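**Student:** Could you work out the structure for the sequence below:
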Amino acid sequence: MDSLLLLLLAIAGTFAQIEVIPYIPRLTDQALEGKITASTFALDPPNCIFDSLVNTTDEIWLVVAFTNATNSFKNPTNPQQIPPYENLYSTYAYMTMKATISQYPCNRDKSGSVLRVGNESSCKNHNSLTPCNGPLPSPGPYRVKFLAMDSTGSKAETRWSGPITLNKAQTWKTVDTWPGRRSGDMIVVTVILSILCGVVTAGFVSTVCYECFKLWQNGPQENVEQQRQDPSQPSRYDTHHIPLAPPGPPPPPMDIPGSQLISASP
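**Tutor:** Numbers count the residues shown, from 1 in each chain. The predicted structure is shown next:
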């Protein structure tokens, strides 16, 4: 009897209806660059959506699923059933951005506050089955909803969003390179830059040619001067900065015998 009661309670808990909030997640309407990219998209945060339904200890998750897998997605009843980002191609859905009610307050300034889905590239290759907010691997389309959970399982949820399709990168063959489709300003700038490059190149070539001509013109004269010099003669070195020494005094006269006698006679 006890086992039957437990079975009935489990079945009742499985099919128990959780609170559905009439809120539809949507892309932010703020003027942002890259609101939708090839691997991310930006949502408005669910401020004031769960205030009357959850406690401060409850968790609020974002569920991301392929559009054709939303009907088959089952809300987890315990943390072990939360589908991680790494299993996206096997479960076709994952849960990310775990938060609490304190992160979505009613008094938050909405300007500049968005939730960027797929913005965490550092955890995509960890294979640790963590609640990673990794980049979305394909254009989708995707649909999202917010889900509140407590220790016993899912507690409240929003409605699914509309389909969100990411940008698809163009292949190099599809890029139009014909100049006729470019704007007039772009053509003018391109022409001006081309002319400046040509002027700089012409000036460089002229300078090189002039220097080469100078070397060629002065080279033969220097060779002739070198040939005129006799290699057997030493190089002359003039010390212009040293004055010439004055001539020395004449030597004294030599003594002549008998000179004293001549000078002493009257």
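**Student:** What is the neighbour count of L62?
**Tutor:** For L62, the neighbour count with other Cβ atoms under 10 Å is 23. C-beta here means a position set from N, CA and C on the backbone, and glycine is covered the same way.
**Student:** residues in contact with it?
**Tutor:** When contacts are counted by Cβ atoms under 8 Å, 6 or more residues apart in numbering, L62 is found next to 43, 95-97, 115, 117, 144-147.
**Student:** Could you spell out the sheet neighbours of the host helix or strand of M97, each with its direction?
**Tutor:** Here M97 sits within strand 93-99, counting by DSSP states H and E. According to DSSP bridges, strand 93-99 forms sheet pairs with strand 59-66 (antiparallel).
**Student:** Downstream of the strand it pairs with, the next helix or strand is which one?
**Tutor:** Taking DSSP H and E, what comes next after strand 59-66 is helix 88-91.
**Student:** Pull out the buried residues from that next one.
**Tutor:** Buried residues in helix 88-91, defined by neighbour count with 16 or more other Cβ atoms under 10 Å: 88, 91.
**Student:** Give me the mean pLDDT for that helix.
**Tutor:** Mean per-residue pLDDT for helix 88-91: 88.
**Student:** Could you do stretch 102-122 as well?
**Tutor:** 82.
**Student:** for stretch 29-49, same thing?
**Tutor:** 91.
**Student:** For it, give me every contacting residue.
**Tutor:** With contact meaning Cβ under 8 Å, 6+ apart, stretch 29-49 is reached by 21, 23, 25-28, 60, 62, 103-106, 108, 110-119, 135-137, 139, 142, 144, 146, 158, 164-169.
**Student:** Can you name the element that comes right after the strand holding M97?
**Tutor:** Going down the chain from strand 93-99, the next helix or strand is strand 115-117, by DSSP H and E.
**Student:** Does anything pack onto that next one? Which helices or strands?
**Tutor:** strand 41-43, strand 59-66, strand 93-99 (3 or more Cβ pairs under 8 Å, 6 or more residues apart in numbering; DSSP states H and E).
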